[in-house]
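*Asks:* Fold the following and give me the result.
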Amino acid sequence: MTVQEYIREKMPLTLRLNVKDNDTLFGLPYPYTVPCAEHCFNELYYWDTYFTNKALFALGQTEQTANNVKNILYLIERFGYMPNGSRAYFLKRSQPPYAALMADDVYKATGDLSFLKTAFVTLKKEYEFWMTKRVSENGLNHYDCEEDDESCAEFYNGCVAERVGKDEKRDPKEAGRHYFAEAESGWDFNPRFSGYCAEYNAVDLNSNLYLYEKLFAEYEVLLGEGDGKEWTAKAKSRAEKMNELMWNSASGVYKDYNYKTGELSGIISAASFQPYFVDLATEQQKSGLLKLLQALESDWGIFTTEKVEKKYQWAYPNIWAPCQYIAVEGLRRYGYAEEAERIAKKYIALLEKNFAAHGKLFEKYNGVTGNIDAVSEYGTPEMLGWTAGVYCALSNL
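*Replies:* Reported below is the predicted structural model:
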């Protein structure tokens, strides 16, 4: 059996239908796709779905991609934002905003203007969440959470302590908030923010919101609802601030910016491909992609971060599917077709090598050994989801 045949056979097993709230699980109006065929992650997740949809598109299941997006839009309407996942215990945080990107994919695949018109109304509500609940004084955005002090302390003393260890000198309430914010980043846990995630304007978050603004400008004109100039101005302002505050001329790459201290993160990470993915970087910053490859390229794709001593699952030596997709698309967008193809082939080879050995796809991989012995804080589960989606997308290069 090939990887493609495996994906085609297993993807139907990731489909769920649950229209009524059931205990912690939220009811959703349409069938939805979960990351795993069985065992774990049996709910709709936010940013996972953007990449999972790539597999569904490749399989010709455009209707299901639309169902996934409509469910996300439903949750945004219900709560004012998209929770981390469709469970009550995820309500205090979101995940990296990809709803507009998903809706745009569906619109481009279907040409359905009525879908886009409805989606646009809801997407602006989500954008408002980020611009009111997750904005710093400089106008850029950061990850955070709405957890109370007790929950933050419990999280820090429990989950965080078990997974990455804790600093006994820190107030658990204060520290827990930052690690909940890190969970909202999708990179739970990682060294990018030095344990102070809510104090950082994250480069991936702000890149995606820049793309929201660019898409909104297009949609206003397309739908006859305006001239798009206000959204264009917002995108231009964001890009200027990011290029001023997040571009590290010394290393030649974008980095997360601590708006409290005015300092950049000490870590080069795969998130720094995101400005290229959304076409935010200037022509003068194009060479930053080569710097990122120098820092992060492995024999099997893109490391999550440069080498660090402490072990995190969202760090060296791990290889994660979304980082590969963002890197490859960023490279392609800026004319590095040969490098993009090289990274894509490396990741495809990684998956095919391990599929031959285990007959499965996994959530993450070790970019040094090329095996499934990834650094993990809760195991390395079998997964379809974004691993399948990115494999399908990169196979079609």
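*Asks:* how about the strands in the stretch 201-350 of the chain?
*Replies:* Along the stretch 201-350 of the chain, the segments classed as strands by DSSP state E, counting those that start in this stretch run 247-248, 253-254, 257-258, 263-264, 297-298, 301-302, 318-320.
*Asks:* The third one: partners in the sheet, and parallel or antiparallel?
*Replies:* The one in question is strand 257-258. In the sheet, strand 257-258 lines up against strand 200-201 (antiparallel), strand 263-264 (antiparallel) (DSSP bridges).
*Asks:* which residues of the stretch 151-300 of the chain fall in helices?
*Replies:* Under the criterion DSSP state H, counting those that start in this stretch, helices of the stretch 151-300 of the chain are mapped to 161-163, 172-184, 203-222, 229-245, 274-277, 288-296.
*Asks:* looking at these, which is buried most?
*Replies:* Greatest average neighbour count among those goes to helix 274-277 (a mean of 26), per mean count of other CB atoms under 10 Å. For the C-beta atoms, the positions are set from N, CA and C on the backbone; glycine is no exception.
*Asks:* What is the neighbour count of the closest residue to residue 365 other than its chain neighbours?
*Replies:* Spatial nearest neighbour of residue 365, chain neighbours left out: residue 319 (4.5 Å); criterion: CB to CB, 6 or more residues apart in numbering. For residue 319, the number of neighbouring residues by other CB atoms under 10 Å comes to 25.
*Asks:* what pLDDT does residue 319 get?
*Replies:* Residue 319 carries a pLDDT value of 98.
*Asks:* Let me know the distance separating it from residue 290.
*Replies:* Note on residue 319: its distance to residue 290, by CB to CB, to the nearest Å, is 20 Å.
*Asks:* what does residue 98 give?
*Replies:* Distance from residue 98 to residue 290, counting by CB to CB: 27 Å.
*Asks:* and what of residue 240?
*Replies:* From residue 240 to residue 290 the distance is 24 Å (CB to CB).
*Asks:* Then residue 343?
*Replies:* Counting by CB to CB, the gap from residue 343 to residue 290 is 12 Å.
*Asks:* And for residue 85?
*Replies:* Taking CB to CB, one finds residue 85 at 36 Å from residue 290.
*Asks:* now do residue 275
*Replies:* Counting by CB to CB, the separation of residue 275 from residue 290 is 14 Å.
*Asks:* picking up where we left off before, can you add mean pLDDT, mean neighbour count and distance to residue 191 and give the strands paired with strand 257-258 back as CSV?
*Replies:* What follows is those, written out as CSV (pLDDT from 0 to 100; neighbours: other CB atoms under 10 Å; distance: least, CB to CB, whole Å):
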stretch, mean pLDDT, mean neighbour count, distance to residue 191
strand 200-201, 99, 26, 12
strand 263-264, 98, 16, 14
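*Asks:* Quick one: these as CSV, columns for distance to residue 129 too.
*Replies:* Shown next, in CSV, are those (distance: least, CB to CB, whole Å):
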stretch, distance to residue 129
strand 200-201, 17
strand 263-264, 26
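*Asks:* Can you say which of the ones you listed is nearest to residue 43?
*Replies:* Among these, strand 200-201 comes nearest to residue 43, with 27.6 Å by CB to CB.
*Asks:* Show residues contacting that closest one.
*Replies:* Identification of contacts with strand 200-201 by CB atoms under 8 Å, 6 or more residues apart in numbering yields 136, 138, 140-143, 192-193, 242, 245-246, 256-259, 265.
*Asks:* Please list all residues in contact with residue 136.
*Replies:* 142, 201, 259 are the contacts of residue 136 under CB under 8 Å, 6+ apart.
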